[in-house]
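Chemist: My questions are about this predicted structure, shown below with the sequence.
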Amino acid sequence: MNAGTTATERTGAVGPHGSAQPDGLLMRDVTMLLGDGEDTVRALDGVHLTVAAGEFAAVVGPSGSGKSSLLAVAGGLAVPASGTVTVAGRPMTAASRRARTALRRDLVGFVFQSGNLLPALTAVDQLRLPARFGSSGAVRRDPMELLAEVGMAGKADRRPHQLSGGERQRVGIARALVTGPRLLLVDEPTAALDQARSHDIVQMLARETRRHGVATVMVTHDTEVLRYCDSVYEMMDGALRGV
Amino acid sequence: MFLAVRELRFARARFALMGAVIALIAVLMVLLSGLSQGLVRDGVSGLQELPVTSFAFSRGVARDAAFTRSVIGLDTVGSWSRQPGVTEAAAFGSALINARSSSGVEIDLALFGVEPQSFLAPEVATGSPLGAPDGIVVSSTAADAGLRVGDTVTVDRLGTRLTVVGVLAGQHTFGHVDVAYLPLAAWQATHAGTGPGEPVPDRARQEITAVAVRGTGVDLAAGDAAAGTESMTLPESYGASPGYTAETSTLTLIQVFLYLICALVAGAFFTVWTIQRKHELAVLRALGAPTGYLLRDGLAQALVLLLAAAAVGIGAGVGLGSLIGSGVPFALDPQAVAVAAALLVGLGLAGAAVAVARIAAVDPATALGGNR
């Protein structure tokens, strides 16, 4: 249990819209180790975090503090050494690799740095692709509607290299929402954007979080955009505490 | 295929370059296949056209030179005729000669001595069938070289004069030399080195090269034991054609290397391609793409590329092959080309599969952070 646990429980266990929601993210006493032997590092050290549906939470902290590890474990990309993670009441930690992939498809949306769009696909195809991943990944929202929602309907046929950094990020947000996720994990969305665009993107994330009732965790270095978040946490040497 | 097709379109210059390499390999493969088939036809088409299932040569003869070195007694024909399963057995003689026609054409001939009444006597396309004591029936390729019905052919050194009485349909060659059928008696005289007017030794009248056998379910070992011979099936006898084994082995070796090169080239390309896409693959896996989906997509991409490149290469190879003149032994067999194309695509796909398998090892967590 780290020093941030109490703060996390205090600020995170109960979302801004009322009591803890089973639809959101629950991380309990999560520890993640990286490396072997004497080089072992505690990337996550007894982390507790609760983000309710419709809550927009931000995690700040210096590079190497464990922010990416937090997203990886929350999204089922990595398995913690101990602790539990549930998304919408479904356990992410106990599941097999294949089951975690299916859970990601059904429950989790990722927004990456710079959008991380696939260069060969047009904006609308970026949103159509997840429907091809299997029956459980069927598109639950109309790609064109979502593109319109993020102001990209007019550029649906453009490929990533034909879009600006902000536009790529908008398409990335739409892609993350197209399968109707219960948890949205956002990794440094403003890393490659200027200040104005950074505010646009984070405001959009806050808006979409509420509109779609999704629990959102955003990792960022940009303290200027924290005003749009419902809750803010600080990560330091693998430990999480409320700010 | 959703992603595969779009990537093929998007990175078309890279895939076109790779496809061009595969297509060039396919062109080479078609040309080699044609050359291989052409050499086979040039080497053993005379044997392939014979209605026999096996030959019985003299015991202990060198298997790669049996048609030129074997000498057995005429009486072995009777022994083979009595073997169970043998429908017909007949005397067969073979010899290679140099000759000159009355019209001045210098030509090498493979003389096939057969009894005109036996099942070995060939059907002619033009002229008369085998029968006249000094009459020969020649391959159509000899006619292409300038021999005509009615021409007289003089055997070098012996001075024996033979008359062209008929021409066969199609190519009949043996050891890259045109076949000329002649009556067994005339063959025996020539084989014995007897010139015009000279008596043929009695011993030569009893000698033949082999017994040609036709039948089903013939016990060759039993027949050999009874007749004191050494048998080869018809396909085995191809190896006794001069140069046949060396030529086919060389070309087969080159073709095998081509297939290996195709597999390696495809493997190398898709390895680089997969490594280049490592971050995209991590993103896809983070988004929930099953490994199976990504593997199928990658293999489908490789298959589309290989099939398209092979089709273009085979088309170009067939086109180039049609431009090859009659001086080069070249024959395209659709079945051989189809098998070669299937091997090319199959081995290329195997090479690509080894590379694409790396997808399974991509860590989706690397999609996070500034990893690229």
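Modeler: Nice, I can see it.

Chemist: State whether B:Leu130 and B:Glu115 are indeed in contact, as I suppose.
Modeler: No - using C-beta atoms under 8 Å, B:Leu130 is not in contact with B:Glu115; the gap is 9.0 Å. Every C-beta, even on glycine, is put in place using the N, C-alpha and C of the backbone.

Chemist: dump the residue contacts of the residue positioned nearest the centre of chain A.
Modeler: The centroid of chain A falls nearest to A:Leu185 when counting by C-alpha atoms, centre = their mean (0.4 Å). Contact partners of A:Leu185, counting by C-beta atoms under 8 Å, 6 or more residues apart in numbering or on different chains, are A:71, A:74-75, A:108-111, A:216-217.

Chemist: ok, and which of these reach chain B?
Modeler: A:71, A:75, A:108, A:110 (C-beta under 8 Å from any C-beta of the partner chain).

Chemist: Just give me the neighbour total for the residue of the stretch 51-200 of chain B found nearest chain A.
Modeler: Chain A sits closest to B:Gln171 of the stretch 51-200 of chain B, with a gap of 52.4 Å, by C-beta to the nearest C-beta. By other C-beta atoms under 10 Å in any protein chain shown, 21 other residues sit near B:Gln171.

Chemist: Please settle this for me: is it part of a strand?
Modeler: No - counting by DSSP: H, G, I helix; E, B strand; the rest coil, B:Gln171 is not found in a strand; it is coil.

Chemist: ok, it touching B:Asp144?
Modeler: No - using C-beta under 8 Å, B:Gln171 makes no contact with B:Asp144, being 9.2 Å away.

Chemist: Just the pLDDT at residue 48, thanks.
Modeler: Just going to use chain A. Looking at A:His48, its pLDDT stands at 93.

Chemist: actually chain B
Modeler: pLDDT, B:Gln48: 94.

Chemist: Now for B:Val265: which residues touch it?
Modeler: B:Val265 sits next to B:18, B:21-22, B:25, B:348, B:351 when contact means C-beta under 8 Å, 6+ apart.

Chemist: next one: B:Ala221
Modeler: So B:Ala221 contacts B:Ser231 (C-beta under 8 Å, 6+ apart).

Chemist: Select from the contacts of A:Leu185 every entry located in helices.
Modeler: A:71, A:74 (DSSP state H).

Chemist: May I ask which of the contacts of A:Leu185 has the most neighbours?
Modeler: A:Gly75 (31 neighbours).

Chemist: tell me the contacts of that residue?
Modeler: A:Gly75 neighbours (C-beta under 8 Å, 6+ apart): A:92, A:104, A:108, A:110, A:183, A:185, B:286.

Chemist: So which of those residues belong to strands?
Modeler: A:108, A:110, A:183, A:185 (DSSP state E).

Chemist: for these, which one is nearest A:Leu147?
Modeler: Each of the ones in strands among the contacts of A:Gly75 was checked against A:Leu147 using C-beta to C-beta; the closest is A:Phe110, at 17.7 Å.

Chemist: A:Arg227: how many residues sit nearby?
Modeler: A:Arg227 - counted by other C-beta under 10 Å - has 12 other residues nearby.

Chemist: quick one: it from chain B, how far?
Modeler: 25 Å (C-beta to the nearest C-beta, to the nearest Å).

Chemist: sec struct for that residue, please.
Modeler: helix.

Chemist: mind checking how far it is from A:Ala123?
Modeler: Here A:Arg227 is placed at a distance of 29 Å from A:Ala123 (C-beta to C-beta, to the nearest Å).

Chemist: Likewise for B:Val339?
Modeler: 46 Å.

Chemist: Which one's more surrounded, those two?
Modeler: Comparing B:Val339 with A:Ala123 by other C-beta under 10 Å, the one with more neighbours is A:Ala123, at 29 against 12.

Chemist: So what does that one have for phi and psi?
Modeler: phi -60, psi -40 (degrees, to the nearest 10).

Chemist: Quick check, it in contact with A:Asp157.
Modeler: Yes - the criterion here is C-beta under 8 Å, and A:Ala123 meets it with A:Asp157 at 7.2 Å.

Chemist: re earlier: spell out which residues are contacts of both of B:Leu130 and B:Glu115.
Modeler: What both B:Leu130 and B:Glu115 touch, as defined by C-beta under 8 Å, 6+ apart, is the set B:121, B:183.

Chemist: So what's the residue count around the residue of chain A found nearest chain B?
Modeler: Residue of chain A nearest chain B, by C-beta to the nearest C-beta: A:Arg105 (3.0 Å). Counted by other C-beta under 10 Å, the residues lying close to A:Arg105 total 21.

Chemist: mind showing which ranges of chain A have poor pLDDT?
Modeler: Applying pLDDT under 70 to chain A picks out residues A:1-22, A:135-139.

Chemist: And the strands in it?
Modeler: Using DSSP E, strands in chain A cover A:25-34, A:41-51, A:56-60, A:82-87, A:90-91, A:108-111, A:183-187, A:215-220, A:231-236, A:239-242.

Chemist: Pretty sure A:Glu119 sits against A:Arg159.
Modeler: Not Glu; residue A:119 is Pro. Yes - applying C-beta under 8 Å, one finds A:Pro119 in contact with A:Arg159, separated by 6.6 Å.

Chemist: Which of the two has more residues huddled nearby?
Modeler: Shown here are A:Pro119 and A:Arg159; by other C-beta under 10 Å, A:Arg159 has more neighbours (18 against 13).
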